[in-house]
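Trainee: Next input, structure requested:
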Amino acid sequence: MPDTRPPQAPAPVHVVVLAAGKGTRMQSARPKVLQPLAGRALLAHVLDTAARLDAQRRIVVVGHGAGQVQAAFADAALHFCLQQPQLGTGHAVRQAAAWFDDDAVVLVLYGDVPLVRAATLQPLLDAARAGALGLLSVELDDPSGYGRIVRDAAGQVQRIVEHKDASGAERAIREVNTGILAAPGAQLRRWVAALRDDNAQREYYLTDVVALARADGVAVHASVAARADETLGVNDRAQLAALERIVQRRNADAQLAAGVTLADPARFDVRGELRCGRDVFIDVGCVFEGVVELGDGVVVGAHCVLRDCSLGAGTRVEAFSHVDGARCGDDARIGPYARLRPGTELADAVHVGNFTEVKNSTLGHASKANHLSYVGDATVGARVNIGAGTITCNYDGAHKHRTVIDDDVFIGSDTQLVAPVHVGAGATLGAGTTLTRDAPAQQLTVSRARQVSLAGWKRPRKGGQQEG
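Mentor: The predicted structure is shown next:
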């Protein structure tokens, strides 16, 4: 008779992240796990990996800088437990053991090992669900200083031997322990409770659970990471910089595979999420922060910084421009040396040129501010031409005021619009105008002092003398 019982749900996953270390070699007041990698804390990368594994519970063991770490992740669904004093990795996991459910599988990760992939960790969870102890190992060309994975003739893990205790044959083993492991919750709780500190450091080592598992007759399975860089940790600034380049090369490879052209993949930085359409070109030295969306055919010139923005299809951002919190339509032209600040919205075919800054403003279809201008807190219609040196004077020292410019307005160079002020459709403002009242539609408005030439005037000279 067929078994009609519903399939049993897999054991829930609990992830413990060890994040109590001080990171003395970082020479920083910031805890090591809060050091930035690709624009986010090291710990954030590890927690993202836990989320991709559908972890039902994420437990972070904190110690040095515990308050800073907890504050940085106050909005995350995490359980924090304190390790004080820090007496080794086994002692750290022991502090978290109260959070383990007996029927869960527990995965132990490290807050300063941020590059390990969820797919690499999945075999460890599978081993733990089968009642075994799963270890993550890696093969190194130079395994000096690392604990070696010793296997029997059948390939089963027998023990981990530390480098200083290894024989000549054991030191020739290239497979080493990473410290990352997974085990059934009830057993891991029992093993960490049984750890002893009878070693030179007087610490409780998590690696000693291997011997305890073997003594209990529990199989130990070691899964070899496909890439050694996944298991790299961070102890100093040089290692952090090395990991940064690994992450950015991964980002570059992902964009290249998606069809983006990068002038030089080695000079490309994503510190958030970059979403690109087809036939996007990105020149050297560009930095992308937050969530950035580039439409089809977008071109980004050299040394631009784009943050939390979207650019429509065919838009070009010329070199040395900053786009922050802006939304741009199709076929816009930005820069070089332009700055778009939060609240900026550009319609299709808008031009914002060199040394022009736009903040909290909308520019309608085909409007242009091509040279040396500031447009702040303004609503600009379609087909408006803003001449060089134009400024919207939006701040009175206490409050911001809005400027409204209707369609088809022409604003001459070196004009100041003292907000709040309204320029009617089709109006023209003469060069050098200081506008303090509304300008009527379809009329020329000029405000400038009468030009005067003074015959016989002498230019002052140093020492109180006059030019003769």
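Trainee: Output the below-cut-off pLDDT ranges for the chain.
Mentor: Along the chain, the model assigns pLDDT under 70 to residues 1-8, 464-468.
Trainee: which residue ranges form the helices in it?
Mentor: Applying DSSP state H to the chain gives helices spanning 42-52, 66-72, 89-96, 118-129, 168-171, 185-193, 209-215, 237-257.
Trainee: and the fifth one, how far from the chain's centre?
Mentor: Looking back up the chat, that one is helix 168-171. Distance of helix 168-171 from the chain centroid (C-alpha atoms, centre = their mean, to the nearest Å) equals 42 Å.
Trainee: and if you look at the last one?
Mentor: Here helix 237-257 shows a centroid-to-chain-centroid distance of 12 Å under the convention C-alpha atoms, centre = their mean.
Trainee: by contact count, what packs against it?
Mentor: Helix 237-257 sits against strand 36-37, strand 261-262, strand 268-276, with contacts defined as 3 or more C-beta pairs under 8 Å, 6 or more residues apart in numbering; DSSP states H and E. Bear in mind the C-beta positions are built from the backbone N, C-alpha and C, glycine included.
Trainee: ranking the helices of the chain by burial, who's on top?
Mentor: Ranked by mean neighbour count, the helices of the chain are led by helix 89-96 with a mean of 24 (mean count of other C-beta atoms under 10 Å).
Trainee: Tell me the gap between that helix and the middle of its chain.
Mentor: Helix 89-96 sits 30 Å away from the centroid of its parent chain (C-alpha atoms, centre = their mean).
Trainee: So residue 257 versus residue 370, what's the distance?
Mentor: Relative to residue 370, residue 257 is positioned 37 Å away (C-beta to C-beta, to the nearest Å).
Trainee: now swap in residue 146 and tell me
Mentor: From residue 146 to residue 370 the distance is 60 Å (C-beta to C-beta).
Trainee: Compare the two (neighbour count), which wins?
Mentor: Taking neighbours as other C-beta atoms under 10 Å, residue 146 and residue 370 compare with residue 146 leading, 21 against 17.
Trainee: right, and residue 445 touches residue 432 too?
Mentor: No - assessed by C-beta atoms under 8 Å, residue 445 is found out of contact with residue 432, at 11.6 Å.
Trainee: the more surrounded of these two?
Mentor: residue 445 (19 against 16).
Trainee: Excluding sequence neighbours, find me the nearest residue to the more buried one.
Mentor: Nearest in space to residue 445, with sequence neighbours left out and distances taken as C-beta to C-beta, 6 or more residues apart in numbering, is residue 439 at 4.2 Å.
Trainee: Now do the contacts for the one you found.
Mentor: Listed by C-beta atoms under 8 Å, 6 or more residues apart in numbering, the contact partners of residue 439 are 421-424, 427, 429, 445.
Trainee: how about those residues in JSON lines, adding distance to residue 56?
Mentor: Converted to JSON lines, these look like this (distance: C-beta to C-beta, whole Å):
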{"residue": "421", "distance to residue 56": "58"}
{"residue": "422", "distance to residue 56": "58"}
{"residue": "423", "distance to residue 56": "59"}
{"residue": "424", "distance to residue 56": "62"}
{"residue": "427", "distance to residue 56": "64"}
{"residue": "429", "distance to residue 56": "64"}
{"residue": "445", "distance to residue 56": "67"}
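Trainee: and those, which are buried?
Mentor: Among the contacts of residue 439, those scoring as buried are 421-424, 427, 429, 445 (criterion: 16 or more other C-beta atoms under 10 Å).
Trainee: so how far is residue 100 from residue 348?
Mentor: Residue 348 sits 57 Å away from residue 100, going by C-beta to C-beta.
Trainee: What separation do you get for residue 247 and residue 313?
Mentor: 29 Å.
Trainee: What of residue 236?
Mentor: Noted for residue 236: a distance of 44 Å to residue 313, by C-beta to C-beta.
Trainee: And the two? Which one has more around it.
Mentor: residue 313 (18 against 14).
Trainee: OK, contacts around the residue nearest to that one when sequence neighbours are not counted?
Mentor: Nearest non-adjacent residue to residue 313, counting by C-beta to C-beta, 6+ apart: residue 295, 3.8 Å away. Residue 295 makes contacts with 277, 310-315, 330, as judged by C-beta under 8 Å, 6+ apart.
Trainee: From what I see, residue 339 and residue 358 are in contact.
Mentor: Yes - look at residue 339 against residue 358 with C-beta under 8 Å: they come within range, at 7.5 Å.
Trainee: Neighbour count for the two, which is higher?
Mentor: Ranked by neighbour count (other C-beta under 10 Å), residue 339 and residue 358 place residue 358 first, with 29 against 21.
Trainee: Tell me how many other residues surround residue 198.
Mentor: 7.
Trainee: Now do the phi/psi pair for it.
Mentor: The phi/psi pair for residue 198 (degrees, to the nearest 10) reads phi -80, psi 70.
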